[in-house]
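[1] return a 3D structure for these sequence lines:
(4 chains)
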2 protein chains.
Amino acid sequence: MAPAPKYSRLTSEHRRAALEEAALTCMARGGILAFTIDNVCKEAGVSRGLITHHFQSKDGLLVAVYANMYAKSIAAIDAPRPGLSRIAAMIEASFAPEMFSRDVLNIWLTLWGEIANNPVLQAEHRRQYAAYVVNVTAAIDEIATARALTLDTDALARAFIALVDGLGLQRCIEPRLMTPEAAKAACHTLLEPHLGPLGAVG
Amino acid sequence: MAPAPKYSRLTSEHRRAALEEAALTCMARGGILAFTIDNVCKEAGVSRGLITHHFQSKDGLLVAVYANMYAKSIAAIDAPRPGLSRIAAMIEASFAPEMFSRDVLNIWLTLWGEIANNPVLQAEHRRQYAAYVVNVTAAIDEIATARALTLDTDALARAFIALVDGLGLQRCIEPRLMTPEAAKAACHTLLEPHLGPLGAVG
DNA sequence: TTCCTTGTTATATGATCGGCCAACAAGGAT
DNA sequence: ATCCTTGTTGGCCGATCATATAACAAGGAA
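    Alright, predicted model coming up:
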């Protein structure tokens, strides 16, 4: 009989995905200090050399992880919801359990802290963030134009994004003091005085 | 003549303050990864053993730094400004250059990331943060009662705090895209629809 | 079956980590 | 002038850091 394989050999794409997933797990567990090559490879059940092999460097993995997080978030936030305006759908998505959890928010907090200090991540951030602002602004524009409102939709979008980030920060640090319902309500408190009810477009 | 002293001997209080200051400098420069005993002591121009001597452990210094940052912020935010309501004074203080700078905000971001993952800091945070919420709520109450408004001032205070944090986050990550003026305007966008003009109390 | 690409392991390396501790010395107390 | 408390130094420890590299092996191609 054939000898048992000493390890499973995955395609480059699958191994990369597994390592990114392990990196997220480590960050969620212990922040940037837990994001070490040893930790990530142990979490992935793999030897130390693989990160260098598949991502060139630890920073390479970090950038991949960040791009991955952004892609997943954008996809969730942009998904239309029947009967809801785009901005209302964004709010729902932003505070759904899979995005407003302590683990996911701790990952974001970890990445933010690195963006502020790691030049490699800053370039990646600038690209992704700009697209995010455009999306939110467009969603607010949708309601503003439908209702013939004249207001600075770009400034409102940036305030909204800041609010969502700040609510996530509080949720991450003290989950019991910031429920998804309270977070949603805070968003409505900001937007509805300027846009009217957010439920539908008309 | 007497031999030149080999080092300056400070009181415990002064040396502690110097080490805390050096710790802040390191955090502002490189986040939590730059907050190492070697780095801080080199920044303070002092040998490695002093942090253990004055703070028992690295975590001890971290807690002291956090308490220090909070004390300074609370003092700045609570300082009354002639002709301004308390909440308006808070906004002015929050986005003044000495608080809304990249360095200071990077320190906050660093501390937030640690609070989320370091149990020692969590206890300290809970105490400090509760006092902060009380202060902001009281400032909002001041206007609400003076104008006989009926609204959930606690929820509005928590939303306001989240917004301020989120604005600081954006400022830290991309200072050029979030000016102090834009940040102040965002706060007014949130509060004035519910409280009316924030300038004076009446 | 044989070859060959390449995913994977495992060890080595030099730097740096936090914490420990013995020796030193500054400067007030006596 | 001498003692004594205590702030300070600096070497040391085991652990862990990121990275480089050589040997190994899985599995499709030929």
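[2] check which helix or strand covers residue A:28.
    Element membership for residue A:28 (DSSP states H and E) is helix A:12-30.
[3] how about residue A:192?
    Per DSSP H and E: helix A:180-195 holds residue A:192.
[4] may I have the phi/psi pair for the residue of chain A found nearest DNA strand C?
    Nearest residue of chain A to DNA strand C: residue A:49, at 2.7 Å (CB to the nearest atom of the strand). Any C-beta I mention is one placed from the backbone N, CA and C, and that applies to glycine too. Per-residue torsions, residue A:49: phi -70, psi -10 (degrees, to the nearest 10).
[5] and it, how many neighbours?
    By other CB atoms under 10 Å in any protein chain shown, the residues close to residue A:49 number 10.
[6] pLDDT score assigned to it?
    pLDDT, residue A:49: 94.
[7] still on that earlier bit, is the helix or strand following the helix holding residue A:28 positioned near chain B?
    Scanning forward in sequence from helix A:12-30 by DSSP H and E, the next helix or strand is helix A:37-44. No - using CB under 8 Å from any CB of the partner chain, helix A:37-44 stays clear of chain B, coming no nearer than 13.1 Å.
[8] going toward the C-terminus from helix A:37-44, what's the next helix or strand?
    helix A:49-55.
[9] how far off centre is that next one?
    24 Å (CA atoms, centre = their mean, to the nearest Å).
[10] ditto for stretch A:61-73
    That offset, for stretch A:61-73, works out to 8 Å (CA atoms, centre = their mean).
[11] now that stretch: mean pLDDT?
    96.
[12] so which residues on chain A come close to DNA strand D?
    Listed as neighbours of DNA strand D in chain A under the rule CB under 7 Å from any atom of the strand: A:3, A:5-9, A:35-39, A:48-49, A:51-52, A:57-59.
[13] show the buried residues in those.
    A:35, A:37, A:39, A:51 (16 or more other CB atoms under 10 Å in any protein chain shown).
[14] OK, contacts around the first one?
    Counting by CB atoms under 8 Å, 6 or more residues apart in numbering or on different chains, residue A:35 touches A:23, A:26, A:27, A:62, A:110.
[15] ok, residue A:158 touching residue A:130?
    No - at 11.7 Å, residue A:158 does not count as touching residue A:130 under the criterion of CB atoms under 8 Å.
[16] between those two, point out the one with more neighbours.
    residue A:158 (23 against 12).
[17] can the helix or strand containing that one be found next to chain B?
    In this assignment (DSSP H and E), residue A:158 forms part of helix A:153-173. Yes - Helix A:153-173 comes into contact with chain B (CB under 8 Å from any CB), by way of A:155-156, A:158-159, A:161-167, A:169-170, A:172-173.
[18] how far off centre is the lowest-mean-pLDDT helix or strand in chain A?
    Using mean pLDDT, DSSP states H and E, helix A:119-146 stands out as the lowest-scoring helix or strand of chain A, at a mean of 94. Distance, stretch centre to chain centre, for helix A:119-146: 13 Å (CA atoms, centre = their mean).
[19] and chain B, is that helix touching that?
    Yes - remark: helix A:119-146 sits within contact range of chain B at A:122, A:125, A:126, A:129, by CB under 8 Å from any CB.
[20] the nearest residue to the second one once chain neighbours are set aside: what's it in contact with?
    Leaving out its chain neighbours, the residue that sits closest to residue A:125 by CB to CB, 6 or more residues apart in numbering or on different chains is residue A:115, at 4.8 Å. If a contact means CB under 8 Å, 6+ apart, then residue A:115 has A:66, A:121, A:122, A:125, B:173 as its contacts.
[21] export those residues to a markdown table and append columns for neighbour count and distance to residue B:88.
    Output for those, formatted as a markdown table (neighbours: other CB atoms under 10 Å in any protein chain shown; distance: CB to CB, whole Å):
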| residue | neighbour count | distance to residue B:88 |
| --- | --- | --- |
| A:66 | 22 | 38 |
| A:121 | 22 | 36 |
| A:122 | 14 | 34 |
| A:125 | 22 | 33 |
| B:173 | 23 | 27 |
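[22] residues from chain A in reach of DNA strand C?
    So far as CB under 7 Å from any atom of the strand goes, chain A lies against DNA strand C at A:6-12, A:15, A:46-50, A:53-54.
[23] mean confidence (pLDDT) on the strand or helix carrying residue A:92, please.
    Element membership for residue A:92 (DSSP H and E) is helix A:86-94. On average, the pLDDT along helix A:86-94 is 97.
[24] check stretch A:100-114 too.
    Model confidence over stretch A:100-114, given as mean pLDDT, is 98.
[25] check whether that stretch contacts chain B.
    Yes - counting by CB under 8 Å from any CB, chain B has neighbours in stretch A:100-114: A:106, A:109, A:110, A:112, A:113, A:114.
[26] how close does the last one sit to residue B:184?
    Relative to residue B:184, residue A:114 is positioned 28 Å away (CB to CB, to the nearest Å).
[27] comparing these two, which shows the higher neighbour count?
    Using other CB under 10 Å, the more surrounded residue of residue A:114 and residue B:184 is residue A:114, with 26 against 18.
[28] name the element that one belongs to?
    Using DSSP H and E, the element containing residue A:114 is helix A:102-115.
[29] so that helix versus helix A:153-173, what angle?
    Angular relation of helix A:102-115 and helix A:153-173 on a 0 to 180 degree scale: 120 degrees, by axes from the mean of the first three to the mean of the last three CA atoms, to 10 degrees.
[30] quick one: residues contacting the residue nearest to residue A:114 when sequence neighbours are not counted.
    Closest residue in space to residue A:114, ignoring its immediate chain neighbours: residue A:121 at 5.4 Å, by CB to CB, 6+ apart. Neighbouring residues of residue A:121 by CB under 8 Å, 6+ apart: A:59, A:62, A:63, A:66, A:111, A:114, A:115.
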